[in-house]
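Trainee: Here is a sequence together with a model predicted from it:
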Amino acid sequence: MGTATIWWRARAISAGVGSDWRLSEARIRKRCISVSTRSSCCSSPLTLIVSSMPYEKELAAAKKAATLAARLCQKVQKALLQSDVHSKSDKSPVTVADYGSQALVSFILERELPSEPFSIVAEEDSGDLRKESGQETLKRITELVNDTLASEGSESFPTLTTDDVLAAIDNGKSEGGPVGQHWVLDPIDGTKGFVRGDQYAIALGLLHEGKVVLGVLACPNLPLASIGSNQLHSSNEVGCLFFAKVGDGAFLQALGGSTQTKLFHVQMIIQVHVCDVDNPEEASFFESFEAAHSSHDLSSSIAEKLGVKAPPVRIDSQAKYGALSRGDGAIYLRFPHKGYREKIWDHAAGSIVVTEAGGIVTDAAGNPLDFSKGKFLDVVSGIIVTNQKLMPSLLRAKNMIGNPLIPSLKQISALVFAAAIVSARGLMNNEGNGIGHCKAGCSGRRVNEFGRWRRYCGVVWIRPSALICRIAGKRSMTQLKRFHCGSHVIACGAGFTGLLWCHGGDDEASSNCVGGRRRNFTVAEWWAKKVGEKEENYLKQEEDALI
Ligand SMILES: Nc1ncnc2c1ncn2[C@@H]1O[C@H](COP(=O)(O)O)[C@@H](O)[C@H]1OP(=O)(O)O
Ligand SMILES: [Mg+2]
């Protein structure tokens, strides 16, 4: 008797988003069909043993869990945005959605995969909900979870008690590690985006022996159409479900399954691929919306060094990984500020979606991410995501900019230039006119936006790594660092490629300006605090001043 194993894989034909929404789930399913035959005669029956590929049922359970959790979050976000009661700083709706999403995912996974060892590493724990003060919130969460389960028409679920919800949340207490199988969950990734009404994701990955083997990213607000420059899909519909299994490619389907994308009850699925651009001038890049989460200055210096022309696309959460996996942009740069430790749930699902779409995810030194060390990722100074072709030059650009020990020619000229500013102090008059001086040192294109330079040349502090020089008046360096920048400080820098970027300032609000191509929001925040104004008002003033 001979046994032949036939691997059959329906290949999804997809050149990008919107190009082909005609594939059905059945067509992309990968199956192993073991066909047993008798070599001699054909009288014996043909036995077909159809066995699922690894992680098939885990993937189905993860998609179901993330989809339901997304439904719960959408409901809360909608109420949050409509509510007059909750201010944006009110954390309670977020809390309810976070816990609710975690409870739902945990409940569904345990129910769908009863025979598997069950371990989840997740962001929330039930400590606060077990306190007297948390009882009201716990009741709301339980209601929300039950309502969401009830809305899943195709199946009936038992009604969960508050104790069931607490137990489901506490499943997430696992520490992960290099041994065995662990689910990794961020119940709401990008809480800031969630509260703002922008992007967020429910991110669920599975680790096996420390490696990510599957990932699901539910992005309720991400358009099905590309958010990059080359928009191919005409739909306005939002809600994307990205998923990937190791060795099997990355896929996208509509999260809601609306009539447009769910014809005849067949869910349309496309295989996604990262963009294969190799010319940085044609590449666009993603970064955090929140400057507090990732250094916009550093990514812009790297992009500039690399020759990227397009402005950054700033969105919250791992939706960036999803968007990159389908080629909306070619690069994702993430440089958290000093002291922040990356968590595995913020990258597990996103990284497998991107790698299965043909991309690469490394830390800023080019090392692959190691998910086997427990809750945290030991990354060296940031995370870089891109395609195979761009990665080498991207790492080179990062190394040149991020390594203070290897100054580039431009950095050296920046030092010389900054020294010249100090010695040229006398050139500036008391009307805030540093213009003549400035022309000598840089392109002069932005000179008129610099505003007042007077008096503020005194101490020059140069940090070659960031290519920033800061010029302070009578302030000491400690004060300067504390203030970041502000009315007493002119910060200029970023590349010295001809465009000088300045925050000019005076003691009076009226005479200050933020010039150059980039706007540093820390100034606005700082200023808003100082004058007790709303940040928007301050920015508006500036906008007006620049016009
Ligand atoms: N100070 C911080 N620096 C970097 N990342 C942060 C910081 N605080 C929270 N995060 C996490 O960064 C991720 C989102 O980053 P971004 O949207 O900027 O890409 C989220 O996981 C968010 O946590 P959370 O999941 O609690 O929102
Ligand atoms: Mg997160």
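Mentor: Yep, that arrived. Numbering: from 1, shown residues only. Ligands and ions are numbered 1, 2, ... in the order given.
Trainee: low-confidence ranges in the protein?
Mentor: Along the chain, segments meeting pLDDT under 70 span 1-52, 83-92, 229-235, 257-266, 402-547.
Trainee: Give me the buried positions along the strand or helix carrying residue 111.
Mentor: Element membership of residue 111, judged by DSSP states H and E, is helix 92-112. Under the neighbour-count criterion of 16 or more other Cβ atoms under 10 Å, helix 92-112 has 93-110 buried. Just so you know, the C-beta spots here come from the backbone N, C-alpha and C atoms, and that holds for glycine as well.
Trainee: For residue 321, give me its contacts.
Mentor: 217, 242, 332, 347, 349, 350, 351, 353, 354, 385 (Cβ atoms under 8 Å, 6 or more residues apart in numbering).
Trainee: Grab the nearest non-local neighbour of the last one.
Mentor: If the residues on either side of it in the chain are set aside, residue 385 comes closest to residue 332, at 3.9 Å by Cβ to Cβ, 6 or more residues apart in numbering.
Trainee: go on, the fifth one?
Mentor: In space, residue 349 comes closest to residue 215 once its chain neighbours are excluded; the distance is 3.5 Å by Cβ to Cβ, 6+ apart.
Trainee: Confirm that that neighbour sits in a helix.
Mentor: No. Counting by DSSP: H, G, I helix; E, B strand; the rest coil, residue 215 is not part of a helix but strand.
Trainee: one step back: and the helix holding residue 111, what does it pack onto?
Mentor: Applying 3 or more Cβ pairs under 8 Å, 6 or more residues apart in numbering; DSSP states H and E, we find helix 92-112 packed against helix 56-82, strand 120-122, helix 135-151, helix 162-170, strand 181-189, helix 191-196, strand 201-208.
Trainee: change it to 10 Å
Mentor: Helix 92-112 is packed against helix 56-82, strand 120-122, helix 135-151, helix 162-170, strand 181-189, helix 191-196, strand 201-208, strand 211-223, with contacts defined by 3 or more Cβ pairs under 10 Å, 6 or more residues apart in numbering; DSSP states H and E.
Trainee: What residues does the stretch 51-200 of the chain have near ligand 2?
Mentor: Proximity of the stretch 51-200 of the chain to ligand 2, by Cβ under 5 Å from the ion, involves residues 186, 189.
Trainee: Taking this structure, what residue is nearest to ligand 2?
Mentor: Closest contact between the chain and ligand 2, by Cβ to the ion, is at residue 189 (3.8 Å).
Trainee: Would you check that that residue makes contact with residue 293?
Mentor: No. Taking contacts as Cβ atoms under 10 Å, residue 189 lies outside contact range of residue 293: 11.3 Å.
Trainee: Just want to know which of the two has more residues nearby.
Mentor: Neighbour count, other Cβ atoms under 10 Å: between residue 189 and residue 293, residue 189 has more, with 28 against 18.
Trainee: Tell me what that one is bridged to.
Mentor: residue 201 (DSSP bridges).
Trainee: Give me the distance between it and ligand 1.
Mentor: 4 Å (Cβ to the nearest ligand atom, to the nearest Å).
Trainee: hmm, back to that, quick one, what contacts the residue of the chain closest to ligand 2?
Mentor: Applying Cβ atoms under 10 Å, 6 or more residues apart in numbering to residue 189 gives the contacts 123, 199-203, 217-219, 316-319, 321, 343, 345-347, 349-350.
Trainee: and if you look at residue 283?
Mentor: By Cβ under 10 Å, 6+ apart, residue 283 lies in contact with 228, 275, 277, 303, 306-310, 329-331, 386-387, 389-390, 394.
Trainee: switch the cut-off to 7 Å
Mentor: Going by Cβ atoms under 7 Å, 6 or more residues apart in numbering, residue 283 touches 277, 308, 330, 331, 390.
Trainee: what's the answer for residue 122, then?
Mentor: Residue 122 is in contact with 102, 172, 185, 187, 345, counting by Cβ under 7 Å, 6+ apart.
Trainee: do you know how far the nearest residue to residue 81 once chain neighbours are set aside is from residue 190?
Mentor: Distances taken as Cβ to Cβ, 6+ apart put residue 197 closest to residue 81, at 4.9 Å, once the chain neighbours are dropped. Going from residue 197 to residue 190 by Cβ to Cβ, to the nearest Å gives 12 Å.
Trainee: Those two: which has the busier surroundings?
Mentor: residue 190 (27 against 13).
Trainee: Need phi/psi at the more buried one.
Mentor: phi 90, psi 50 (degrees, to the nearest 10).
Trainee: in terms of contact, does it touch residue 314 like I think?
Mentor: No. The pair residue 190 / residue 314 is not scored as a contact, 11.7 Å apart, by Cβ atoms under 7 Å.
Trainee: how about stretch 176-186: buried residues?
Mentor: For stretch 176-186, a neighbour-count test (16+ other Cβ under 10 Å) marks 176, 177, 181, 182, 183, 184, 185, 186 as buried.
Trainee: Show me which residues of the stretch 301-450 of the chain sit near ligand 2.
Mentor: Residues of the stretch 301-450 of the chain lying near ligand 2 by Cβ under 5 Å from the ion: residue 346.
Trainee: Okay, helices next: where are they in the stretch 301-450 of the chain?
Mentor: In order along the chain, the stretch 301-450 of the chain carries the following helices (DSSP state H, counting those that start in this stretch): 319-325, 348-356, 391-402, 409-423, 435-441.
Trainee: what packs against the third one?
Mentor: Packing partners of helix 391-402 (3 or more Cβ pairs under 7 Å, 6 or more residues apart in numbering; DSSP states H and E): helix 296-306, strand 383-387.
Trainee: In TSV, list these along with distance to ligand 1 and mean neighbour count.
Mentor: Listed next are these as TSV, based on distance: least, Cβ to the nearest ligand atom, whole Å; neighbours: other Cβ atoms under 10 Å:
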stretch	distance to ligand 1	mean neighbour count
helix 296-306	11	22
strand 383-387	10	25
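Trainee: Relative to residue 267, which of the ones you listed is closest?
Mentor: strand 383-387 (27.2 Å; Cβ to Cβ).
Trainee: ends of stretch 335-343, how far apart?
Mentor: One end of stretch 335-343 sits 14 Å from the other (Cα to Cα, to the nearest Å).
Trainee: Cool, thanks, signing off.
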